[in-house]
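*Asks:* need a structure here:
(one chain, ligands or ions: 1)
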Amino acid sequence: MKKITIAIDGFSSCGKSTMAKDLAREIGYIYIDSGAMYRAVTLYCIQNHLIDGEHIDVDQLKQHINDIQISFQLNASTGKPDTYLNGVNVENEIRTMEVSSKVSLVSAIDFVRTAMVAEQQKMGRKKGIVMDGRDIGTTVFPDAELKIFVTASPEIRAQRRFDELEQKGVKANYDEILENVKQRDYLDQNRAVSPLKKADDALLLDNSHLTIGEQKEWLLHQFHKAITC
Ligand code: DC
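*Replies:* A predicted model of the protein is given here:
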């Protein structure tokens, strides 16, 4: 059966990565979390003292950008891919608040994007890949056979994050989360390089009122349509 490229883009906290991971497992494709790559570059900057508050030592980062090797390896116990930075498993470190709060700055730098996009394109050369991010259908794989743009209302995304935190026993404030969701939407859509934008040929998936099961059924239907075209 022919293998295709699947690009899943969209707003933060839409459940993109869970959806992409799940779809990849179901259809036997490789899953790549492109956001994890920007997070790994951010961690490299922190570890090498290239970030001070909001200031990034762009000249130093540019000199070392080719020293940053990012790869993914399946973790047998979780069944999910872990992110490696220069051979070291950094899956947990890249999810910290420290990295989350700096990653928008790093992912807005043009030469960082050029380097990551080149790596992502290399990873997808053989097709049979599901990649999620912000610019996959527009910049990384503009020829992807299946492009999905995921959205949900800011209020629903904030509520989902609030519930997630509460479940983990973390005290959360809904209004603060909603503000953060709206701010990230703004930053993602308005940055100069590769802003978040629906590709003209992407299918819009608003999952505000869909169950996980309904969403999965929709995705599999689109996948089967795409591979038989
Ligand atoms: O999906 P995420 O929250 O882990 O992404 C982390 C950051 O990286 C987020 O600020 C958006 C950015 N990103 C990007 O600019 N382009 C991508 N293809 C993926 C993520």
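
*Asks:* who in this structure is up against the ligand?
*Replies:* 12, 34-35, 38-39, 103-104, 107, 133-136, 188 (Cβ under 6 Å from any ligand atom). For every residue, glycine as well, the C-beta is placed using N, CA and C.

*Asks:* If we use 5 Å, what do you get?
*Replies:* By Cβ under 5 Å from any ligand atom, the residues of the chain that approach the ligand are 34-35, 38, 103-104, 107, 133-135.

*Asks:* what's the lowest-pLDDT member of those residues?
*Replies:* Least confident of the residues of the chain next to the ligand in the model: residue 104, at 87.

*Asks:* List the buried residues in stretch 190-205.
*Replies:* Residues 191, 194, 196-199, 202-203, 205 are the ones in stretch 190-205 that count as buried (16 or more other Cβ atoms under 10 Å).

*Asks:* right, and out of these, which lies closest to residue 45?
*Replies:* Comparing these against residue 45 with Cβ to Cβ places residue 191 closest, at 17.3 Å.

*Asks:* Tell me who's in contact with that closest one.
*Replies:* Applying Cβ atoms under 8 Å, 6 or more residues apart in numbering, we find residue 191 in contact with 104, 107-108.

*Asks:* PyMOL command for the buried members of these?
*Replies:* Per 16+ other Cβ under 10 Å, the buried members of the contacts of residue 191 correspond to this PyMOL selection:
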select buried, resi 107+108
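
*Asks:* Kindly reformat the contacts of residue 191 as JSON lines containing secondary structure.
*Replies:* As requested, these are arranged in JSON lines below (DSSP: H, G, I helix; E, B strand; the rest coil):
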{"residue": "104", "secondary structure": "helix"}
{"residue": "107", "secondary structure": "helix"}
{"residue": "108", "secondary structure": "coil"}
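
*Asks:* Just send the contacts of residue 191 back as JSON lines, with distance to residue 45 too.
*Replies:* Converted to JSON lines, these look like this (distance: Cβ to Cβ, whole Å):
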{"residue": "104", "distance to residue 45": "13"}
{"residue": "107", "distance to residue 45": "11"}
{"residue": "108", "distance to residue 45": "13"}
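
*Asks:* So which of the contacts of residue 191 is the closest to residue 218?
*Replies:* For the contacts of residue 191, the nearest to residue 218 is residue 107 (28.8 Å; Cβ to Cβ).

*Asks:* For that closest one, which residues are in contact?
*Replies:* Listed by Cβ under 8 Å, 6+ apart, the contact partners of residue 107 are 38, 41-42, 113, 191.

*Asks:* where's it relative to residue 135, distance?
*Replies:* Distance check for residue 107 against residue 135: by Cβ to Cβ, to the nearest Å, it reads 10 Å.

*Asks:* Would you mind listing the residues touching both of these two?
*Replies:* Joint contacts of residue 107 and residue 135 (Cβ under 8 Å, 6+ apart) are residue 113.

*Asks:* picking that back up, now the residues of the chain next to the ligand: which count as buried?
*Replies:* Among the residues of the chain next to the ligand, those classed as buried by 16+ other Cβ under 10 Å are 34-35, 38, 103, 107, 133-135.
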